[in-house]
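Asks: below are the sequence and a predicted model; questions follow.
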Amino acid sequence: MIKNVVFMGTPDFAVGTLQALIDSSRYQVQAVFTQPDKPKGRGKTLQMTPVKETAVSAGIPVFQPVSIRDEEAVRILEELQPDAVIVVAFGQLIPKRILKLPPYGCINVHASLLPKYRGAAPIQWAVLNGEEESGVTTMRMDEGLDTGDIIMKTVVRLDPCETGGSLFERLAREGADLLIRTLDAINDGTAVYEKQPAESPTMYASMLTKAQGKIDWNKSAREIECLIRGMNPWPGAYTQYNGRTLKIHLAKRPGEDAGQAAKSPGSAALPGTIVEVSKRTLLIQTGDGLLSVLELQPEGKKRMAIDAFLRGYPLRPGEMFF
């Protein structure tokens, strides 16, 4: 039976799951392993990881090995003798020696419907690729990358306005609930382990870079809208206007509910061309359809709604975004 657990995690996404374990009367968190503190801000002050902050507040011992493969980290785990190790966005690969240490193995909460979107950024890629649903999966980890046996899943339908940030928050909550239900199912003998196929039906969900946020106006309005939502809040989608960077935080396809986006006026204009400007409207031609920009951020300025932006930046039809 699972009672005593060690938790391994680092970012905000893992905090809710750790807190669910702390709040549960059925499970005891013996220790937390998280990434080393990193310097932040102008003063380069060391800042605790979100998981460490939660553990410290709860009085749980925290260990921060540079590598989880270190002999000292393994020795600590051997001394603790946890029934299971819970891993949520830890940021390091768990070696075979640790995977086999606890009797119930290492149980991972992954933010996708495995085997889809194995990798480090499954939440953002689900939005970027225009998926209609996503979710969280618990699995018993093996030596592969997100290839272990699936235990349970929770499916979440994506909202038409879903961003990487909003889906992150939803899946973090769902993951916390799913982990507790998974442990309960293991303990009462109802858990079913499903072997994953060798190949994933989707691309590997690699970490995002700022360069990937550059808008290619030759793509369709739908693809660009998904890019803007998926890159929100980080690293952000951006374009160039008059040699300056403009971050675009929110946009939509006009007439998309009626299927008219590709038939809007200005379809003869080159991709990236401003085709319509009014007090509250900025329409950009894409490779397929128009895109209405709703919120953006000029270089060195704050994020603003399109009407506020246009009062300070008088754009004209025919000008180009690059």
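Replies: Ah, there it is. In this text the structure is predicted, and so the values were computed from the model without any measurement.

Asks: got phi/psi on Thr154?
Replies: When read as degrees, to the nearest 10, the backbone of Thr154 gives phi -130, psi 130.

Asks: how many residues are close by it?
Replies: As a burial measure, Thr154 scores 17 neighbours (other CB atoms under 10 Å). C-betas here are computed from N, CA, C, even on glycine.

Asks: over to the one 5 residues further on?
Replies: Asp159: 11 surrounding residues under other CB under 10 Å.

Asks: excluding its backbone neighbours, what's nearest it?
Replies: Leaving aside its sequence neighbours, Asp159 sits nearest to Ser166 (CB to CB, 6 or more residues apart in numbering; 7.3 Å).

Asks: what separates the one helix or strand that neighbour maps to from the chain centre, distance-wise?
Replies: For Ser166, the host element (DSSP states H and E) is helix 164-188. Here helix 164-188 is found 14 Å from its chain centre; the criterion is CA atoms, centre = their mean, to the nearest Å.

Asks: so which bits of it are buried?
Replies: Within helix 164-188, the residues that count as buried by 16 or more other CB atoms under 10 Å are 164-168, 170-172, 174-176, 178-180, 182-183, 186-187.

Asks: buried stuff in the next helix or strand after that helix?
Replies: Per DSSP H and E, the first helix or strand lying C-terminal to helix 164-188 is helix 221-230. Neighbour counts using 16+ other CB under 10 Å place 221-230 of helix 221-230 among the buried residues.

Asks: tell me the one of those nearest Thr281?
Replies: The closest of the buried residues of helix 221-230 to Thr281 turns out to be Ala221 (CB to CB; 14.9 Å).

Asks: my guess is that closest one contacts Leu283. True?
Replies: No. Contact status for Ala221 versus Leu283: not in contact, 10.1 Å apart, counting by CB atoms under 8 Å.

Asks: the residue nearest to Asp159 and Ala126, how far apart?
Replies: Using CB to CB, to the nearest Å, Ser166 is found at 12 Å from Ala126.

Asks: and Lys301, by the same measure?
Replies: 30 Å.

Asks: mind listing the strands for the stretch 201-322 of the chain?
Replies: Ranges of strands in the stretch 201-322 of the chain, per DSSP state E, counting those that start in this stretch, are 237-241, 244-252, 274-277, 282-285, 290-298, 304-305.

Asks: single out the most deeply packed of these.
Replies: Stretch with highest mean neighbour count among those: strand 282-285 (a mean of 23; mean count of other CB atoms under 10 Å).

Asks: now do that strand, average pLDDT.
Replies: What strand 282-285 shows for mean pLDDT is 98.

Asks: contacts for that strand, please.
Replies: Residues from elsewhere that reach strand 282-285 (CB atoms under 8 Å, 6 or more residues apart in numbering): 217, 254, 264, 266-267, 269-277, 290-293, 306, 309-310, 315, 321.

Asks: run me through the strand neighbours of that strand, direction for each.
Replies: The strands beside strand 282-285 in its sheet (DSSP bridges) come out as strand 274-277 (antiparallel), strand 290-298 (antiparallel).

Asks: now the strands for the stretch 51-200 of the chain?
Replies: Going by DSSP E, counting those that start in this stretch, the stretch 51-200 of the chain shows strands at 62-63, 84-88, 106-110, 133-140, 149-157.

Asks: how close does Glu174 get to Arg157?
Replies: Taken as CB to CB, the span from Glu174 to Arg157 is 12 Å.

Asks: quick check: next helix or strand after the helix or strand of the chain with the lowest mean pLDDT?
Replies: For the chain, using mean pLDDT, DSSP states H and E, the weakest element among its helices and strands is strand 38-40, scoring a mean of 90. Next along the chain after strand 38-40, taking DSSP H and E as the criterion, comes strand 45-47.

Asks: show me where pLDDT drops low in this protein?
Replies: Scanning the chain for pLDDT under 70 picks out the ranges 256-267.

Asks: tell me the domain ranges of it?
Replies: The record's domain parsing of the chain by automatic domain parsing lists 4-188, 210-312.

Asks: what about the last one, start to end distance?
Replies: According to CA to CA, to the nearest Å, domain 210-312 extends 27 Å from its N-terminal end residue to its C-terminal end residue.

Asks: verify the contact between Tyr193 and Asp149 for me.
Replies: Yes. Between Tyr193 and Asp149 there is a contact under CB under 8 Å: 4.2 Å.

Asks: which neighbours do the two have in common?
Replies: Arg140.

Asks: which one of these two has more residues nearby?
Replies: It is Asp149, of Tyr193 and Asp149, that has more neighbours when counted by other CB under 10 Å, with 16 against 12.

Asks: is it true that that one touches Pro115?
Replies: No. With contacts counted by CB under 8 Å, Asp149 stays clear of Pro115, the gap being 11.2 Å.

Asks: give the contact list for the residue most central in space within the chain.
Replies: Per CA atoms, centre = their mean, the C-alpha nearest to the average position across the chain is that of Ile123, at 3.7 Å. With contact taken as CB under 8 Å, 6+ apart, Ile123 is in contact with 111-112, 134, 164, 167-168, 171.

Asks: how about these in TSV, adding distance to Thr49?
Replies: Shown next, in TSV, are these (distance: CB to CB, whole Å):
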residue	distance to Thr49
Ala111	17
Ser112	22
Ser134	24
Gly164	20
Leu167	21
Phe168	16
Leu171	19
